[in-house]
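Novice: below: sequence and its predicted model.
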Amino acid sequence: MQYERRVENNAAIYSVHGDFTIFFLNNIKGDIEKDVSAGKISYFVFDFSDVHYIDSAAISLLIMTGKYNDSHGHKLYIRLPKDVVKRIIDNAELTFVEYQY
């Protein structure tokens, strides 16, 4: 997995490429924690257009960022998820997620 981070209108947008699994979680989680502690990010957005699979570790990261977004009055926005990724997220019943197509 690889990812790029950019900031637009106080949102940190993470574009993820490849399988989003526990093996690659530490790097992105560290960057997200830096964003949270810096206090300049209002909410997080994930672009999953190039993600083919996510595991429970990725779900835990979505929960963490979803709680942060909720505390700032935002849904957790996930852009362009593939059907298989959307099904995994839906099965986890993450009610705070809003998909963007």
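Specialist: The structure has been received and is ready for your questions. Numbers count the residues shown, from 1 in each chain.
Novice: for the residue nearest the centre of the chain, phi and psi?
Specialist: By C-alpha atoms, centre = their mean, the chain has its centre lying nearest to Phe46, at 4.2 Å. When read as degrees, to the nearest 10, the backbone of Phe46 gives phi -120, psi 130.
Novice: can you check Ile13 too?
Specialist: The phi/psi pair for Ile13 (degrees, to the nearest 10) is phi -110, psi 120.
Novice: how about His52?
Specialist: Dihedral pair for His52: phi -110, psi -20, per degrees, to the nearest 10.
Novice: now for the longest helix along the chain, which elements pack on it?
Specialist: Looking across the chain with DSSP state H, the single longest helix is helix 56-71. Applying 3 or more C-beta pairs under 8 Å, 6 or more residues apart in numbering; DSSP states H and E, we find helix 56-71 packed against helix 25-38, strand 43-50, strand 76-79, helix 83-91. From N, CA and C alone the C-beta is placed, and that goes for glycine too.
Novice: how about these in TSV, adding distance to Tyr3 and mean pLDDT?
Specialist: Shown next, in TSV, are the helices and strands packed on helix 56-71 (distance: least, C-beta to C-beta, whole Å; pLDDT from 0 to 100):
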stretch	distance to Tyr3	mean pLDDT
helix 25-38	6	92
strand 43-50	9	97
strand 76-79	13	98
helix 83-91	15	96
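Novice: export these to CSV and tack on distance to Tyr14?
Specialist: Listed next are those as CSV, based on distance: least, C-beta to C-beta, whole Å:
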stretch, distance to Tyr14
helix 25-38, 7
strand 43-50, 5
strand 76-79, 10
helix 83-91, 14
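Novice: which one of those lies closest to Val97?
Specialist: Distance to Val97, taken as C-beta to C-beta, is lowest for strand 76-79 among the helices and strands packed on helix 56-71, at 5.1 Å.
Novice: check the gap between the residue nearest to the centre of the chain and Glu93 for me.
Specialist: Going from Phe46 to Glu93 by C-beta to C-beta, to the nearest Å gives 18 Å.
Novice: measure Asp47 to Glu93 for me?
Specialist: Taking C-beta to C-beta, one finds Asp47 at 22 Å from Glu93.
Novice: quick one: strands adjacent to the helix or strand that contains Tyr14?
Specialist: Here Tyr14, judged by DSSP states H and E, is contained in strand 11-17. Under the criterion DSSP bridges, strand 11-17 sits next to strand 2-8 (antiparallel), strand 43-50 (parallel) in its sheet.
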